[in-house]
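Visitor: turn this into a model:
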Amino acid sequence: MTIKQIHYFLAVAEAESFTHAARNYFIAQTAMSQQISALEKELGFLLFRRNNRSVSLTDAGKVLFRRLRPLVVELEQAVEEASAVAGIRRQVFRIGMFDQAVNRFLAPALQAFAQQEPEASVELISDNHIMLQEAIVNRNLDVMLLGKQFFTPKSAIEAVELFTYQAPDYVLATHVDSPLAKKDYLEWRDLNGVPLVVYTPFREDKQGMEMRSFLQKKGVKANVIGTTRDFASALLYAEAKMASCLLPARVGDMKNPKVVMISLDETKTDTMLLLHHKDNDSHLLSRFISVCRNTLHGT
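Guide: Numbering: from 1, shown residues only. Here you go, the predicted structure:
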């Protein structure tokens, strides 16, 4: 078992995806899978349950993850402290990522940050926004970008406003051969008469209206043929050309070569926040905030 394999194992477990974990480490998905398979072979048991669209920890994998994560954090901190004593300027800057709609803004900031702080090591960590905010509170994460709509103020977290941006609430998953797939983005009226499967969290909107009533309010006479609690099942409806699927925008980045994700009605705006621990006085944090303000803009 190597340190690299441990990092890869934790990354896949946190992202629940080989593809996303590999992207965070800038390696091919096949290379990530091979490393995990080699680790499983060495250990003599499976760490993950795999299918075509999802990855989840086995019971043994959950135990290993629970015990290894704090050890790795402690190891990284020990290396940083030892490097400082040795006079070596090596610092790890951890950036949280959770939403493809938000992550798309990061690239120019990361490029500029790397140029201005070449000796800093950047670690991109994928998780849901609740867990990432907890990681900031616990000082296990330096910073993350988050739409204001998802932020619940906490005494330990300072939120810096960066810019406003268009924030779609929904995406439509539809087959690549569908006439709708030719559009860059959809208006609600485009869904008139379209057979729809609705992802369960959006059966009711925030005001408590049922989805059918919500669609009627939008002027849509859609044919809602059912709901599903499973995201992979929702995509299967679209892949099989049985129906298009109405999904929350923040989970609309799951890839399927036969399915297109199209934003719906990008008229809502949100404010992009940069979150960090209020007691974090690192020069890297100051640099990253400055870089974000100079390079990031709403679209």
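
Visitor: list the buried residues for stretch 108-117?
Guide: Taking 16 or more other CB atoms under 10 Å as the basis for neighbour counts, the residues of stretch 108-117 that come out buried are 109-110, 112-113, 117. The way it works is simple: take the backbone N, C-alpha and C, and place the C-beta from them, glycine included.

Visitor: ok, the residues you listed vs residue 164, which is closest?
Guide: Minimum separation from residue 164 among the buried residues of stretch 108-117 (CB to CB) is found for residue 109, which lies at 16.8 Å.

Visitor: so where do the helices sit in the chain?
Guide: Per DSSP state H, the chain carries helices over the ranges 3-15, 18-24, 29-43, 59-85, 100-103, 106-116, 129-137, 211-217, 231-239, 283-295.

Visitor: tabulate those (JSON lines), appending distance to residue 274 and mean pLDDT.
Guide: Converted to JSON lines, those look like this (distance: least, CB to CB, whole Å; pLDDT from 0 to 100):
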{"stretch": "helix 3-15", "distance to residue 274": "21", "mean pLDDT": "85"}
{"stretch": "helix 18-24", "distance to residue 274": "19", "mean pLDDT": "74"}
{"stretch": "helix 29-43", "distance to residue 274": "29", "mean pLDDT": "88"}
{"stretch": "helix 59-85", "distance to residue 274": "22", "mean pLDDT": "82"}
{"stretch": "helix 100-103", "distance to residue 274": "11", "mean pLDDT": "58"}
{"stretch": "helix 106-116", "distance to residue 274": "10", "mean pLDDT": "87"}
{"stretch": "helix 129-137", "distance to residue 274": "11", "mean pLDDT": "85"}
{"stretch": "helix 211-217", "distance to residue 274": "32", "mean pLDDT": "75"}
{"stretch": "helix 231-239", "distance to residue 274": "28", "mean pLDDT": "81"}
{"stretch": "helix 283-295", "distance to residue 274": "6", "mean pLDDT": "90"}
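
Visitor: the ones you listed: which one's closest to residue 143?
Guide: Within the helices of the chain, the stretch nearest residue 143 is helix 283-295; the backing value is 6.0 Å (CB to CB).

Visitor: now the closest one against helix 106-116, angle please.
Guide: On the basis of axes from the mean of the first three to the mean of the last three CA atoms, to 10 degrees, helix 283-295 is oriented at 130 degrees to helix 106-116.

Visitor: so what touches helix 283-295?
Guide: Judged by CB atoms under 8 Å, 6 or more residues apart in numbering, the contacts made with helix 283-295 from elsewhere in the structure are 91, 93, 95, 108-109, 112-113, 116-117, 120, 142-143, 145, 160, 162, 274, 276.

Visitor: at 7 Å instead, please
Guide: Around helix 283-295, the neighbours that count as contacts under CB atoms under 7 Å, 6 or more residues apart in numbering are 91, 93, 108-109, 112-113, 116-117, 120, 142-143, 160, 162, 274, 276.

Visitor: re earlier: what is the nearest of the buried residues of stretch 108-117 to residue 74?
Guide: When the buried residues of stretch 108-117 are compared for distance to residue 74, the smallest value, 24.1 Å, is given by residue 117; criterion: CB to CB.

Visitor: farthest pair in the contacts of helix 283-295?
Guide: Among the contacts of helix 283-295, the pair separated by the greatest distance (CB to CB) is 91 and 162, which sit 22.8 Å apart.

Visitor: more crowded one of those two?
Guide: More crowded of residue 91 and residue 162, by other CB atoms under 10 Å: residue 162, with 19 against 16.
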